[in-house]
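Peer 1: Pasting the sequence and the predicted coordinates here, then a few questions.
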Amino acid sequence: MMFQPSVLTFRRLRAGLGALLLAALGGASHAGVSLSWDLSQWNYTLTPDQTLVLQATVYNEASATEHLLGSRFVGAFGEGIEFAYDFLAPEVPLAQQFAAMDLAPGESMSFVFGRLVPIGGQVALGDYQGGGLSLAFRDARGAEVSWTPERSLQISVVAGESPGQTLPEPATLALAGTCLGVLAWQRRRRAQRGAEQCLPAGADPLGAA
């Protein structure tokens, strides 16, 4: 006997297909944030006592449909390298680095992910490999979005001394510039006062007639 589907069966099937179609359209129309991030480089040559500062960039890919906000930062995970390096948080906490972040689709921001510090202050010469670095935020709906680069750090430790001179932070440069400006102003004032003392009584220090 051949099975004859009823009208009710067709209605249920049509309703089910309609629900699946709406779900698919809803997922396609709400991509949310599209998070990724990467270190500035993955291969390093270091001296035995050198601390590695992990410079990185976070991206909200062009395919995103909303902004990536620093206020929705969840956390980060980092691993050290066994018997060689301990992983430490950056000197400026990530939450503070991301505090004002507001990335539109296609935008990016540089930041410091963390530090690898030699265990005991010294690392034996040789080659080391590590990884396990992850970063997580939330989207506008509260869903957690994370990214773990599929790469490993490659570190070669060679004989030598750590660089004795490091580049100052931008804030330090700004402060130094301010101090130099104040010193120059003070010197000009001293020179002007000396010139005024040498002028005849009643003379205009600016040279007016």
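Peer 2: Received the coordinates, thanks. As the structure is a computational prediction, the values presented were derived from the model and not from experiment. Residues are numbered from 1 along each chain as shown.
Peer 1: any idea how far the nearest residue to Phe77 once chain neighbours are set aside is from Ser108?
Peer 2: What sits nearest to Phe77 in space, not counting adjacent residues and going by CB to CB, 6 or more residues apart in numbering, is Ser134, at 4.4 Å. For glycine as for every other residue, the C-beta is placed from the backbone atoms N, C-alpha and C. Applying CB to CB, to the nearest Å, the value for Ser134 to Ser108 is 18 Å.
Peer 1: show me where the chain has strands.
Peer 2: 35-39, 43-46, 52-60, 68-69, 73-77, 85-88, 102-103, 108-118, 126-130, 134-138, 144-147, 153-157 (DSSP state E).
Peer 1: follow-up on the earlier one: please report how far the residue nearest to Phe77 lies from Ser146.
Peer 2: For Ser134, the distance to Ser146 equals 6 Å [CB to CB].
Peer 1: and what of Phe137?
Peer 2: Distance from Phe137 to Ser146, by CB to CB: 8 Å.
Peer 1: Overlap of the contact sets of these two?
Peer 2: Listed as contacting both Phe137 and Ser146 by CB atoms under 8 Å, 6 or more residues apart in numbering are Leu35, Val74.
Peer 1: Which one of those two is surrounded by more residues?
Peer 2: Phe137 (23 against 15; other CB atoms under 10 Å).
Peer 1: Give the bridge partners for Leu116, please.
Peer 2: Leu116 has these beta-bridge partners by DSSP bridges: Leu52, Phe87.
Peer 1: so what's it up against?
Peer 2: Counted by CB under 8 Å, 6+ apart, Leu116 has contacts Thr51, Leu52, Leu54, Gly80, Ile81, Tyr85, Asp86, Phe87, Leu88, Gly130, Leu153, Ile155.
Peer 1: hmm, back to that, just say which of the strands of the chain is most tucked in.
Peer 2: Of the strands of the chain, the one with the most neighbours on average (mean count of other CB atoms under 10 Å) is strand 68-69, at a mean of 23.
Peer 1: Neighbouring strands - and their directions - for that strand?
Peer 2: strand 102-103 (antiparallel).
Peer 1: Send me stretch 53-70 as CSV with only the CA atoms.
Peer 2: Extracted in CSV, the C-alpha atoms of stretch 53-70 (Å, rounded to 0.1, in the frame of the first residue of the first chain):
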residue,chain,number,x,y,z
VAL,A,53,57.9,41.9,25.6
LEU,A,54,55.1,40.5,23.4
GLN,A,55,53.9,43.2,21.1
ALA,A,56,50.6,42.4,19.4
THR,A,57,47.7,43.8,17.4
VAL,A,58,44.0,43.0,17.8
TYR,A,59,41.6,43.2,14.8
ASN,A,60,37.9,43.5,14.3
GLU,A,61,37.7,42.0,10.9
ALA,A,62,35.9,43.7,8.0
SER,A,63,33.3,41.0,8.1
ALA,A,64,32.0,42.1,11.5
THR,A,65,28.7,43.8,11.9
GLU,A,66,29.4,45.6,15.2
HIS,A,67,32.2,47.3,17.0
LEU,A,68,34.7,45.5,19.2
LEU,A,69,34.7,47.3,22.5
GLY,A,70,37.4,47.3,25.2
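Peer 1: For beta bridges, what are the partners of Tyr128?
Peer 2: Applying DSSP bridges, one finds that Tyr128 bridges with Ile155.
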